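Asks: make a model of this:
(one chain, ligands or ions: 1)
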Amino acid sequence: MPMETANMFNPASKVSKISHCSSMEQYKQMHAKSLKDPEAFWGEISKEFHFEEKVKGKFLDYNFDTTKGKIFVRWLEGAKTNICYNCLDRHVLAGKGDQVAFYWEGNDPADAEVVTYGELLKDVCRVANVLKAKGVAKGDRVAIYMPMVKQLVVAMLAVARIGAVHSIVFGGYSADSLADRMMDAQASVLITADAVWRGPKLIALKEIADDALKLCSAKDLKVKMNLVVQHMNKVTAPQPASNGTAANGNVAKKTHFDDKVNWDPLVDVWWHEAVSAASSECDPVWMDTEDPLFMLYTSGSTGKPKGVQHTIGGYMLYTATTFKYSFDYHQGDVYFCTADIGWITGHSYVTYGPLLNGATSVLFEGVPTYPHTGRFWEIIEKYKVSKFYTAPTAIRALMKFGDEPVKKYDLSSLAVLGSVGEPINPEAWLWYYRVVGDSNVSIVDTFWQTETGGHVITPLPGATPCKPGSACFPFFGVDVALLDEEGREIKGEGEGYLVFRRPWPGIMRTVYGNHERFETTYFKKFSGFYCTGDGARRDSDGYIWVTGRIDDMLNVSGHLLSTAQVESSLVEHPSVAEAAAVARPHSIKGECLYCFVTLTEGNTFEDKLVAELKNKVRSKIGAFASPDFIQLAPGLPKTRSGKIMRRVLRKIAVGDKDFGDISTLADPSIVEKLFELRPKES
Ligand code: 6R9
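Replies: As a prediction, the model looks like this:
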């Protein structure tokens, strides 16, 4: 293939004839216009949406420079809108009430449901009325802890409809994590479900939520209602195989759900009972564009998660526009994003972006390998999916089963394949392109963050010739710069801190309840720039290659964790005096956790302790954070000022003796000792 020798992949023929942006020329013009005249660029786009009142103040006002005062960003000042109205009513009023909004595909292939825009609107209004009747009003925070079911989308839109603020906590988080987030947000209502099957595993959401509510009430947070979706009676349970293991060979912890959830009549309310009694009409509350829409917690380098807060107007324009251009969305497409709504990708590209465009999507409850390793491909064939969006960790996990599970299905409907969550290695990129995409699709490697609201660096199908592993070029409105340690700009080729010089509409506005933390985390390091915390390289053709985090963050299967968060869970164990966590490359997860623990006097390092420590991290943070390796550390490599030299620990984790300069360590001899104590299986 000639394109391959040049290491450049031209935009696929499938989309190039019709794409919204069909050449690099057009991309460059649009990008230049978006920077030169943001008001004209986004003003034109905003005409597609309903604003109850027009902009009265400045279209864009901001300060990115901590030396000049408070950091702030305001778009569309004085305008009033409602994002739920724009996601639903606008399409229903335009006669699209019967169009499918979601094909819900259950954990078991036998479970499926279709939801139209019209039905979604009615359900949303009913739930909005239930919330209103409980006294939930504009600005109140509602926590949501749910599986990937349509009621999750309904819940978030109902909250937005009445001007309240949603705070969704991923269903894989532990009771502690849920309680921490609810307390930080001071949430007055929780919405959850009885339980869910994820692959062969049962996740008892209500039980976990009950534990979280106990923790909240011990700290004086009064939760008015726990609205519970009854889900388990509608779904097919995994069939245990005759040898007592569940269908795919993994032993399920529980293989049945006994229908009995604990019930506290003072707070617990069944969703189906409340909703069936509620009216299916509910006027939207017209909100200021800069009113908060939601907060979503993301790991912070000090350990305590940050409530990243997004506002309504800018987020609406940005998620809608990135969805339209990055996936080259057209009416008639069927779109499938595999991310859980509990993460930002699900917020922006399962719910808001697609619905704002009136798109038809697949909402998938399950996992890629259940009941078989071709499940994604089976779903793509079943619904004739044209745009597909997943994470490198899933691609790598599926790659290891070879091409055969992919080739079993007709994937000819695919035109755009997206990737998100971490840098995608060229090998996985090429497999995605060739095997899944039959060398006839556009791959979009979308770089962005919870904080950015939507894609900030991404190729555009039909326009951008791709290089495998590069996220390519900035999206409209995004002004990229690379800086060196001293804050000097690196022009042309080079590597440095990835920063943005000005706000795009979807950027976060604050850390909930802690504006100072927002300023210090993102703006203190380089005055006048938003700092992503990632490093990046610009090549001689101007392509951006994101190289990964340059702070103390770990990226496990595309989920960010901070070293501090993991370490503080470990030291909670009475046998642990001190701990240090680093990332070690992992063929499927991208990175996995490798932890070092120093024990308190009188304790011995044995398998039982290792198991307990792994469990500790699981129960404090969530199963996805479970460390792969834990090793004994008689001491940690610290500088004389007491800072742990993590680069040395990273070397030990991979068995590399090339430690570099360790002369600044208080006790350099500890490094050899640690190397010797590496666990055998590592
Ligand atoms: C959307 C999301 C953000 C961090 C980000 C970076 C990494 C995400 C990437 C990528 C390279 C990509 N990241 N997408 N790195 N290429 N296409 O993942 O948000 O969970 O906040 O994580 O993920 O390190 O800073 P979030």
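Asks: in what helix or strand does the residue lying farthest from the centre of the chain lie?
Replies: Using Cα atoms, centre = their mean, the residue of the chain lying farthest from its centre is residue 602. It sits 42.2 Å away. Using DSSP states H and E, residue 602 sits within no helix or strand.
Asks: mind listing what it touches?
Replies: When contacts are counted by Cβ atoms under 8 Å, 6 or more residues apart in numbering, residue 602 touches no other residue. C-beta: built from backbone N, CA, C; applies to glycine.
Asks: could you give me the average pLDDT of stretch 573-587?
Replies: What stretch 573-587 shows for mean pLDDT is 94.
Asks: what sits up against that stretch?
Replies: 396, 400, 554-556, 563, 566-567, 570-571, 591-600, 603, 609, 612-613, 616, 627-629, 633, 636, 644, 646, 649-650, 653-654.
Asks: what's the answer for stretch 59-68, then?
Replies: Outside stretch 59-68, the residues touching it (Cβ under 8 Å, 6+ apart) are 38-39, 42-43, 69-77, 501-503, 519, 523-524, 527-530.
Asks: what do you get if the cut-off is 10 Å, keeping everything else the same?
Replies: For stretch 59-68, contacts defined as Cβ atoms under 10 Å, 6 or more residues apart in numbering pick out 37-40, 42-43, 46, 69-79, 314, 477, 499-505, 507, 519-520, 522-530.
Asks: please flag which of the contacts of stretch 573-587 sit within strands.
Replies: Counted as lying in strands by DSSP state E, out of these, are 554-556, 591-599, 629.
Asks: could I have the buried ones of those residues as PyMOL selection syntax?
Replies: To isolate the buried ones among the ones in strands among the contacts of stretch 573-587 in PyMOL, judged by 16 or more other Cβ atoms under 10 Å, type:
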select buried, resi 554+555+556+591+592+593+594+595+596+597+599+629
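Asks: keep only the ones in strands among the contacts of stretch 573-587 that also lie close to the ligand.
Replies: Counting by Cβ under 6 Å from any ligand atom, residue 555 from the ones in strands among the contacts of stretch 573-587 sit close to the ligand.
Asks: quick one: the strands in the stretch 251-400 of the chain, in order.
Replies: For the stretch 251-400 of the chain, applying DSSP state E, counting those that start in this stretch gives strands covering 268-270, 287-288, 292-298, 306-311, 334-337, 360-364, 387-390.
Asks: again, but for the stretch 401-550 of the chain
Replies: With DSSP E, counting those that start in this stretch as the criterion, the stretch 401-550 of the chain has strands spanning 416-419, 442-445, 480-483, 494-500, 510-511, 530-538, 544-549.
Asks: for the third one, C-alpha coordinates in PDB please.
Replies: Output of strand 480-483 as PDB, limited to C-alpha atoms (Å, rounded to 0.1, in the frame of the first residue of the first chain):
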ATOM      1  CA  VAL A 480      -2.300  24.700  20.900                       C
ATOM      2  CA  ALA A 481       1.100  25.600  22.200                       C
ATOM      3  CA  LEU A 482       4.100  23.500  23.400                       C
ATOM      4  CA  LEU A 483       6.200  25.000  26.200                       C
END
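Asks: and the contacts of it?
Replies: 456-457, 473-474, 488-501, 525-526, 528-532, 535-538, 542, 544.
Asks: ok, now with 6 Å
Replies: 474, 489, 490, 496, 497, 499, 501, 526, 538 (Cβ atoms under 6 Å, 6 or more residues apart in numbering).
Asks: just the buried ones from those?
Replies: Among these, those scoring as buried are 474, 490, 496, 497, 499, 526, 538 (criterion: 16+ other Cβ under 10 Å).
Asks: can you list the weak-confidence ranges in the chain?
Replies: Scanning the chain for pLDDT under 70 picks out 1-7, 11-13, 16-17, 241-259, 303.
Asks: for it, what lies in contact range of the ligand?
Replies: Close to the ligand, as judged by Cβ under 6 Å from any ligand atom, the chain has residues 298, 343-345, 420-423, 445-450, 471, 532-534, 546, 548-549, 555, 558, 560.
Asks: those, buried ones only, as a PyMOL selection?
Replies: Buried members of these, defined by 16+ other Cβ under 10 Å, are picked up in PyMOL with:
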select buried, resi 298+343+344+345+420+421+422+423+445+446+447+448+449+450+471+532+533+534+546+549+555+558+560
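Asks: is the residue of the stretch 151-300 of the chain found nearest the ligand bridged to anything, and to what?
Replies: Residue of the stretch 151-300 of the chain nearest the ligand, by Cβ to the nearest ligand atom: residue 298 (5.1 Å). Here residue 298 sits in beta bridges with residue 306, as judged by DSSP bridges.
Asks: so it makes contact with residue 310?
Replies: No: checked against Cβ atoms under 6 Å, the pair residue 298 and residue 310 is beyond contact range at 11.7 Å.
Asks: okay, helices next: where are they in the stretch 451-600 of the chain?
Replies: Assigned helices in the stretch 451-600 of the chain, in chain order: 515-523, 563-571 (criterion: DSSP state H, counting those that start in this stretch).
Asks: can you convert those into a markdown table and add a column each for mean neighbour count?
Replies: As requested, the helices of the stretch 451-600 of the chain are exported to a markdown table (neighbours: other Cβ atoms under 10 Å):
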| stretch | mean neighbour count |
| --- | --- |
| helix 515-523 | 17 |
| helix 563-571 | 22 |
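Asks: JSON lines for those, including distance to residue 222?
Replies: Formatted as JSON lines, the helices of the stretch 451-600 of the chain follow (distance: least, Cβ to Cβ, whole Å):
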{"stretch": "helix 515-523", "distance to residue 222": "26"}
{"stretch": "helix 563-571", "distance to residue 222": "27"}
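Asks: so which of the strands of the stretch 401-550 of the chain is nearest residue 159?
Replies: Among these, the nearest to residue 159 by Cβ to Cβ is strand 510-511 (18.9 Å).
Asks: hmm, who's touching that closest one?
Replies: Strand 510-511 has contacts (Cβ under 6 Å, 6+ apart) with 306, 307, 309, 517, 518.
Asks: which strand residues bridge the closest residue to the last one other than its chain neighbours?
Replies: What sits nearest to residue 518 in space, not counting adjacent residues and going by Cβ to Cβ, 6 or more residues apart in numbering, is residue 511, at 4.2 Å. Here residue 511 shows beta-bridge partners residue 308, assigned using DSSP bridges.
Asks: how close does residue 511 sit to the ligand?
Replies: Residue 511 sits 13 Å away from the ligand, going by Cβ to the nearest ligand atom, to the nearest Å.
Asks: got the contact list for the closest residue to the ligand within the stretch 301-450 of the chain?
Replies: Residue of the stretch 301-450 of the chain nearest the ligand, by Cβ to the nearest ligand atom: residue 450 (3.4 Å). By Cβ under 6 Å, 6+ apart, the contact list for residue 450 reads 296, 298, 308, 344.
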